[in-house]
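1. Here you go, sequence then predicted model.
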Amino acid sequence: MFRKLTAITIASLFLLTAVGAVFALEKGNKRKGKYTYRKVYKACNARGEVASPVPSISPSDKTQAEWADIFENGKLDEFGCGEEWNALSETDMSDIYSYLYEHASDSPTPAKCK
């Protein structure tokens, strides 16, 4: 009886921890992220740092794991436009991450065009 109760308690704690971890991850708004991502490059182009207002990196250029690595470790240098990226709020960064991650090359809905 004691073993059964212990097993149920451990399983319940594991389930609660897993559910809590899922809710702890803050997901951004991918539609807003697409808009914000493009807005960053338009501002960067207006300043003259990049030649085109269209982002040079498409979401489908990388896998979900690569996007996660870039945003978790702050490897935003390859995007260029450092001034614009530094001015973004945490919410905007979360939105852009959601957009890029959800449309990565190995996602269920990869971006088809740039």
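-> That came through fine. Numbering: from 1, shown residues only.
2. drop to CA atoms for contacts and neighbour counts, all remaining ones
-> Fine.
3. residues contacting the closest residue to Ile70 other than its chain neighbours?
-> The shortest distance from Ile70 to any non-neighbouring residue, by Cα to Cα, 6 or more residues apart in numbering, is to Leu76 (6.6 Å). By Cα atoms under 8 Å, 6 or more residues apart in numbering, Leu76 lies in contact with 70, 82, 85.
4. Restricted to strands, list those residues.
-> Using DSSP state E, no member of those sits in strands.
5. wait, which of those residues is closest to Ser105?
-> Checking the contacts of Leu76 against Ser105 by Cα to Cα gives Ile70 as the nearest, at 15.0 Å.
6. that older thread, measure the residue nearest to Ile70 to Thr109 for me?
-> Leu76 sits 23 Å away from Thr109, going by Cα to Cα, to the nearest Å.
7. quick one, helices of the chain?
-> For the chain, applying DSSP state H gives helices covering 2-24, 30-47, 64-72, 82-86, 90-102.
8. Any stretches of the chain with poor pLDDT?
-> Per-residue confidence for the chain (pLDDT under 70) gives these ranges: 2, 4-26, 113-114.
9. Let me see the contact set for the most centrally placed residue in it.
-> Relative to the mean C-alpha position of the chain, the nearest C-alpha, by Cα atoms, centre = their mean, is the one of Tyr97, at 2.0 Å. By Cα under 8 Å, 6+ apart, the contact list for Tyr97 reads 28, 30, 33, 67-68, 71.
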